[in-house]
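Novice: fold the following.
(chains A, B, C and D, ligands or ions: 2)
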Amino acid sequence: MPDYSDKVMDHFSNPRNIGEINEPDGLGEVGNPVCGDMMKFTIKVKDNRIEDVKYLTFGCGAAIAVSSMVSEMAKGKTLEEALKISNKQVAEELGGLPGNKMHCSNLGADALHKAIEDYMEKQGVKAESAT
Amino acid sequence: MPDYSDKVMDHFSNPRNIGEINEPDGLGEVGNPVCGDMMKFTIKVKDNRIEDVKYLTFGCGAAIAVSSMVSEMAKGKTLEEALKISNKQVAEELGGLPGNKMHCSNLGADALHKAIEDYMEKQGVKAESAT
Amino acid sequence: MKKINLDNAAASPLEPAVLEAMLPFFTEHFGNPSSGHELGNVPRKALEEARASVARLINAEPREIIFTASASEANNLAIKGLIAANRVKGNHIISSVVEHFSVLNQLKTLEKEGFAVTLLPVDQYGLVNPEQLDQAITDKTILVSIQAANPEIGTIQPLDDLVKVAESKGVPFHTDAAAAVGWTHLDAKKTGVALLSLAGDQFGGPKGSAALYVSKKTRIRPLIEGGIQERGLRAGTENVPILVGLGMAAKLAAETLAERVKKSSILRDQLKESLINNVPYLHLNGHPEQRLPHNLNFSVEFVEGEALLLRLNMAGIYVSSGSSCTSQALKSSHVLSAIGLPPELAQGSLLFTLGRQNSADEIPYITDQLNSVADLLRKMSPLYHQYLKEVQNNA
Amino acid sequence: MKKINLDNAAASPLEPAVLEAMLPFFTEHFGNPSSGHELGNVPRKALEEARASVARLINAEPREIIFTASASEANNLAIKGLIAANRVKGNHIISSVVEHFSVLNQLKTLEKEGFAVTLLPVDQYGLVNPEQLDQAITDKTILVSIQAANPEIGTIQPLDDLVKVAESKGVPFHTDAAAAVGWTHLDAKKTGVALLSLAGDQFGGPKGSAALYVSKKTRIRPLIEGGIQERGLRAGTENVPILVGLGMAAKLAAETLAERVKKSSILRDQLKESLINNVPYLHLNGHPEQRLPHNLNFSVEFVEGEALLLRLNMAGIYVSSGSSCTSQALKSSHVLSAIGLPPELAQGSLLFTLGRQNSADEIPYITDQLNSVADLLRKMSPLYHQYLKEVQNNA
Ligand SMILES: Cc1ncc(COP(=O)(O)O)c(C=O)c1O
Ligand SMILES: Cc1ncc(COP(=O)(O)O)c(C=O)c1O
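Specialist: Numbers count the residues shown, from 1 in each chain, chains lettered A, B, ... in the order given. Ligands and ions are numbered 1, 2, ... in the order given. Purely as a prediction, here's the structure:
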C-alpha cells in the first residue's frame, strides 16, 4: 500500500465538498487521464471570499485527498489568501505525501488557482498566482 | 558425499592386502600427487600365478577401494588372466564408480599390469597388456 | 472483516504441504549439497528430487532444469545467456510488446549494445500473430522470446504455432511461462521451445523459487559465473529449502493440474458473470476464452485504479491495477496500451487473480463491494459527469 | 555416535531466532512488498528493516544494500555491473590469484571479451601486497577486486591498505567479503570500498540470502533487469522470508560480534594446539594470526584429503578438503597452490570451520579421531613409506 499518512487516508475515505457547483463563478481544470489524475474545481465567490468550493476528481488516493484538503483550506478565504495556498502547503497539511506522488497527484492548488483566475478574468481582473 | 556404492565403501573402510612385499617379483607404480592418486603394487609370482599381491595407495576413497579390489581379483590368477583384468571390470566389481572418478582414480589394473610386466621383463619375457 | 485475496499472482500463502516439506531443510537437513561428507547427502537427494518434479511438470528431463531465484533471473539467463553463446550467428532478436519487464528491459539494453530488436504487436486480445512472427524473422535472427501467457490480461499465446514458425527457420525460441506454468498444460518437449522460464511462487511454491528449462540441444552461457552448481550455468550454493518447496509445489501442481484448471475456470467464470451482470461500465480486458483460468482483468470506466484498489482494500478485498498510480514506475500498463485500450480505461483497470483459498461464497461480497466502490468513485469523477452530460445532450 | 560439524562454512543449521523470524512470512505475512494494498505492508516494512540491519552490520546506509540470492550473484553483480557502467573509462581489472571462483571465472570470461586482467600473487600466507597493487594500477584500470578474507585458508587481507592504494589512484574497489562479514569488524564506509559482497549463510542466516553493498557514489548496471525492485539494480519479487532471516542474522551478528569473534578464536586456538601437539606431520595453512576466527586449515602430510574426509565422516566428524578428489571440478585448491604448497600437501589439506554449535568438549574426540585416521592412511601411503626409507638412509 502506498505510504499514505492517516490524514491522507481520512480525506480519501471521507472526501469533503465533492461535487460541481451549478453556474460557478470560477472553474479550473488540471490533468488528464493519460497522467492518471484529473481535477475540476468550481467556486462560488462572495465579497472577495470563496464562499463555496466543490471539485470532481479522477485519480488516485493522493489526488482525491489533495482535492478534499484544498477545498477545506480554500473555503472562506479571500481570493488573495486562496491564491497563496501552494501545493507544498497542501501536502504539508496532509501530513506529507509519498515522494512519487508529489508531482503527479498534488495538483489541487493549481486547479483552485485556475478557478480563481477564471473568476477574476470573468471579472476583468488580472491576478498573479502564488504557486 | 561422493556417490559411492556399498562395495566401494566396504573396500575403502576395510582395504584388503595393504602393504609392500619385501623383495617383490614385480613392482608397478602409477599416478602422482599432482593428479591426486598414486598406487604402488608389488607382487609375488609362483608357477606363473600371482601368489601374493600388496599395494600402497595415496588417494581418495575410490582409489583405495580400487586398489583393494584389484588385489583381491588378482590373487591366485595366472599372469595371463591377471593381465586381462581391466579398469572397467574393476569398476563393475565395485558396483560402479561415480562418473568423475572413472578416469583419475580407477588406475588399479594399470598398476597391477605394470607390476606383472616388470616381473616378465625381469624374466626376459615380453607380454602384451590386456588393458 | 472478511479478507479476500484476489491478488494471488502478486503473492499467495504457501500451501501447507509445501512449507512442511521445506522446514527440515532449514534445521535437521541443513547441509550443502556439494559437501563431500554425509551432511550433504539428504539435501543433495532432495534437490535432485525437486529438479525431477519440476521437470515432470513441464515434461522435461531433470538435467534440462536450471534453478534460479526468480522468473526475472530465469528470463535474464535465457536471453543474455543464449545471446552470449550465439553472438556470432546474428544480432536480431524478436519479442513482443506485451512481455514482462524482465524481458523488455533487457532488450532495451541490448539495443543500446547494437542488437536489433523487433517487438511484435498484439491484437485487441493480446495475441501475437504467427504470420507476423514469420515475416519478422531474418537470417540475422538468433532468438525469439514470446511469453506463454500474459500475467496481466491472462491471454494465452498460440505457443505451438509460434514455436513452429521459429523452428521452421531454425531460430531458438524462449518462452516466459512464469504466468502459465501450474495453470496450463505446458509440454516443453512437445512444444519444441529451447528455453522456458517458470516461477514457483505462481503455483503454490515459495518466493525465490524459479527455474529455466534449457533443452538438451540449447547452449547458453551463465549469467552468474563461479562454482559448477546447476551444470555450471548458475553458480552459488543451492537454496535447498526453497527449492524443495518448489519441487513439492511442482509435484502437487502436476498431480492436480486438470482439476485445478477446471476448478479455477469455473470460479473465474462465476465471478466474471456476477461482476458483469451487477457492476455497470465494466469492460473485460484480454481474450474472452484463451486466458489463464485464474485471471480476470476489468476496466472500470470513469474511475482510477488506485482509488478502486484502496477502497476495496478498506473492504478487505485485495486486487491490483494497471494504473500508473499503482505502478512503482508511475506508468500505466504497457500491456493495456498494447491492446489499444484508451488511457482512461487503462487507468481504471483491475486485475483479479484467483488462488487456492478463494471460493464461490466470496462472490456476492466482492460484487457488492466493487459495485458500491465504483459507484462512489464514479460520482466524484469529472469523466463520469461529462459522460452524463453527453448522454443528456444526445437524448 | 557423535556428530560434529566442522564444516560450518559449507553449511550451518539456522539459528532458532532466525528461523522463527522467517516463519510468519511464509504464511501470515505472505504478501508482496510491491503490492498496492495492505497485504504488502508488513512484508515491505520487514524487508526494509532487514536492509537496515544488514547496513548496520557493515556501517552502511540502508539504500546502499542491494539484496541478492547468493554471494556469487553479488560478486557477479559487482564486477559485471561496475564494468558495464564504466566501460568507457578503461579495460583493465586487477584482482588476486586467491579469489573465489565467482570472481575468477568472470574475469576469465572478461578476458575473452577483450579486458586485460591482472591477478596479483600472494605470499606464503595468502596476503596480497599493497605495493604490488600500486604497481599494477594503470590509467586503464577501472576496478580492483580483492577479497576481505579467504574462505579456505582464512587469511584476512590488509583491506584498509589495499583500498587506500586504489583510492589514491581513483580506482573503485570491490571486496568479496562473503567469508569475512559476521566474523570480522568490517566498516564499509571507513574502509572506503565502492562495492562489498556478503553472504548471510556464513553468519547464521539462511541459504539464498546475500547482499551487495553499493556505495552512494558508485554507479553500476543491473545483472538481472526487469522490475524496479532493489532500486532497479536487481529485478525480481523480493524473497521476503529469506531476507527477513538475513536481517535477523545480521542483527544478531552485529549485537554479538566482538563476543563471537573472541569465543571462536579461543576455541579455534584450542583446537589448533590440540591437533598440532597430538597429530604428527600437520602443517597449518594460511596466516598464523591474521586469519578468520573460525577457520583452520591443515595439510596432513603423506595422505590424501578425500580419504581423510571420508574416514572422519565415518567417525561423525564433518570437514572439507582442498584436494582435487573432493572438488566437483577435480582440481586441487587454487588457493593452496597460490601460497606455494607442493601438490602432495595440497592434496592432503583439511579445512575446519567452526560454528555456533561447536564447543571445547569436542576437541579430544576430534584430535583422537584425526590422529588415528591419519595414522591409518599414512600406513598405506607410498609417500610415507618412501619418506621412512629416506629417513632411514639418512640416519
Ligand atoms: C569468499 C567467498 N565468495 C563467494 C562465495 C560464494 O558463495 P555462494 O556459493 O553462496 O554464492 C563464497 C562461498 O563460500 C565465499 O567464501
Ligand atoms: C510472465 C512473468 N514473467 C516474469 C515475472 C517476474 O517474476 P519475478 O518478479 O518473480 O522475477 C512475472 C511476475 O509476475 C511474470 O508474470
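Novice: pull up the residues of the stretch 101-250 of chain C that are close to chain D.
Specialist: C:101-103, C:105-106, C:109, C:201, C:206-208, C:221, C:223-228, C:235-242 (C-beta under 8 Å from any C-beta of the partner chain). The way it works is simple: take the backbone N, C-alpha and C, and place the C-beta from them, glycine included.
Novice: let's see which of those end up in helices.
Specialist: Residues of these located in helices (DSSP state H): C:F101, C:S102, C:V103, C:N105, C:Q106, C:T109, C:V240, C:P241, C:I242.
Novice: export those residues to CSV and tack on neighbour count and pLDDT?
Specialist: Output for those, formatted as CSV (neighbours: other C-beta atoms under 10 Å in any protein chain shown; pLDDT from 0 to 100):
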residue, neighbour count, pLDDT
C:F101, 17, 96
C:S102, 25, 97
C:V103, 27, 98
C:N105, 22, 97
C:Q106, 28, 97
C:T109, 14, 97
C:V240, 27, 98
C:P241, 31, 98
C:I242, 30, 98
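Novice: next, the buried residues of stretch C:188-200.
Specialist: C:A188, C:T191, C:G192, C:V193, C:A194, C:L195, C:L196, C:S197, C:L198, C:A199, C:G200 (16 or more other C-beta atoms under 10 Å in any protein chain shown).
Novice: tell me which residue lies nearest the centroid of chain C.
Specialist: C:A179 (2.5 Å; C-alpha atoms, centre = their mean).
Novice: near ligand 2, which residues of chain C show up?
Specialist: By C-beta under 6 Å from any ligand atom, the residues of chain C that approach ligand 2 are C:9, C:70-72, C:75, C:100, C:102, C:147, C:151, C:176, C:178-179, C:199.
Novice: isn't the residue nearest to the centre of chain C up against C:T155?
Specialist: No: at 9.8 Å, C:A179 does not count as touching C:T155 under the criterion of C-beta atoms under 8 Å.
Novice: returning to what we had before: remind me which helix or strand the residue nearest to the centre of chain C belongs to.
Specialist: Following DSSP states H and E, there is no helix or strand that holds C:A179.
Novice: contacting residues for it?
Specialist: C:A9, C:Q147, C:A148, C:A149, C:N150, C:P151, C:G154, C:A199, C:Q202, C:L292 (C-beta atoms under 8 Å, 6 or more residues apart in numbering or on different chains).
Novice: same thing with C:R221?
Specialist: So C:R221 contacts C:K80, C:G81, C:A84, C:A85, D:T109 (C-beta under 8 Å, 6+ apart).
Novice: which non-adjacent residue is nearest it?
Specialist: Closest residue to C:R221 apart from its sequence neighbours, by C-beta to C-beta, 6 or more residues apart in numbering or on different chains: C:A84 at 3.8 Å.
Novice: just give me the closest of the buried residues of stretch C:188-200 to B:S13.
Specialist: Minimum distance to B:S13 across those is 40.5 Å, recorded for C:G200 (C-beta to C-beta).
Novice: how about the contacts made by that closest one?
Specialist: C:P206, C:S209, C:A210, C:A211, C:G245, C:L246, C:A249, C:A250.
Novice: is it true that A:L94 touches A:V8?
Specialist: Yes: distance between A:L94 and A:V8: 5.1 Å, which falls inside the contact criterion (C-beta under 8 Å).
Novice: quick one: common contacting residues for these two?
Specialist: Common neighbours of A:L94 and A:V8 (C-beta under 8 Å, 6+ apart) are A:A65.
Novice: can you tell me if stretch C:64-72 touches ligand 1.
Specialist: No: Stretch C:64-72 stays clear of ligand 1 (C-beta under 6 Å from any ligand atom), getting no nearer than 11.0 Å.
Novice: between its first and last residues, how far does that stretch reach?
Specialist: 18 Å (C-alpha to C-alpha, to the nearest Å).
Novice: ok, C:E111 - contacts?
Specialist: By C-beta under 8 Å, 6+ apart, the neighbours of C:E111 are C:V117.
Novice: try 10 Å
Specialist: C:E111 makes contact with C:I93, C:V117 under the criterion C-beta atoms under 10 Å, 6 or more residues apart in numbering or on different chains.
Novice: state the distance from it to chain B.
Specialist: 42 Å (C-beta to the nearest C-beta, to the nearest Å).
Novice: tell me which element that residue falls in.
Specialist: helix C:101-112.
Novice: lowest average confidence, helix or strand, in chain C?
Specialist: Least confident helix or strand, chain C: helix C:343-347 with a mean of 92, by mean pLDDT, DSSP states H and E.
Novice: following element in sequence after that helix, please.
Specialist: strand C:349-353.
Novice: and the gap between C:I153 and chain B?
Specialist: From C:I153 to chain B the distance is 47 Å (C-beta to the nearest C-beta).
Novice: tell me who's in contact with that residue.
Specialist: So C:I153 contacts C:98, C:122, C:125-126, C:284-287, C:291-292, C:295-297, C:322, C:333, C:335-336, C:338-339, C:341, C:349, C:351 (C-beta under 10 Å, 6+ apart).
Novice: name the nearest residue to it, sequence neighbours excluded.
Specialist: That would be C:G286: by C-beta to C-beta, 6+ apart, it lies 3.1 Å from C:I153.
Novice: so for chain A, the centremost residue is which one?
Specialist: Short answer for chain A (C-alpha atoms, centre = their mean): A:G108, at 3.1 Å.
Novice: am I right that that residue is in contact with A:M69?
Specialist: Yes: using C-beta atoms under 10 Å, A:G108 is in contact with A:M69, at 6.8 Å.
Novice: how about A:D10, what does it touch?
Specialist: Contacts of A:D10 (C-beta under 10 Å, 6+ apart): A:Y4, A:R16, A:A65, A:S68, A:M69, A:L94, A:G95.
Novice: now the residue nearest to the centre of chain A. Its backbone dihedrals?
Specialist: Backbone torsions for A:G108, taken as degrees, to the nearest 10, come to phi -60, psi -40.
Novice: thinking again about what came up before, part of a helix, is the residue nearest to C:R221?
Specialist: Yes: under DSSP: H, G, I helix; E, B strand; the rest coil, C:A84 sits within a helix.
Novice: circling back to that earlier point, buried subset of the contacts of C:R221, written for PyMOL?
Specialist: Entered in PyMOL, the line below selects the buried ones among those, by 16+ other C-beta under 10 Å:
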select buried, chain C and resi 80+81
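Novice: run me through the strand neighbours of the host helix or strand of A:I43, direction for each.
Specialist: Taking DSSP H and E as the definition, one finds A:I43 inside strand A:37-46. When pairs are called by DSSP bridges, strand A:37-46 turns out to pair with strand A:26-32 (antiparallel), strand A:49-58 (antiparallel).
Novice: mean neighbour count for those - can I get that in JSON lines?
Specialist: Output for these, formatted as JSON lines (neighbours: other C-beta atoms under 10 Å in any protein chain shown):
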{"stretch": "strand A:26-32", "mean neighbour count": "19"}
{"stretch": "strand A:49-58", "mean neighbour count": "23"}
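Novice: how does chain C divide up, domain by domain?
Specialist: C:4-9+C:258-379, C:16-253 (automatic domain parsing).
Novice: list just the one of these that sits closest to D:A50.
Specialist: Using C-beta to C-beta, the domains of chain C put domain C:16-253 closest to D:A50, at 13.5 Å.
Novice: tell me the contacts of the closest residue to C:V171 other than its chain neighbours?
Specialist: Spatial nearest neighbour of C:V171, chain neighbours left out: C:T141 (5.1 Å); criterion: C-beta to C-beta, 6+ apart. Going by C-beta under 10 Å, 6+ apart, C:T141 touches C:89-94, C:116, C:118, C:133, C:166, C:169-172.
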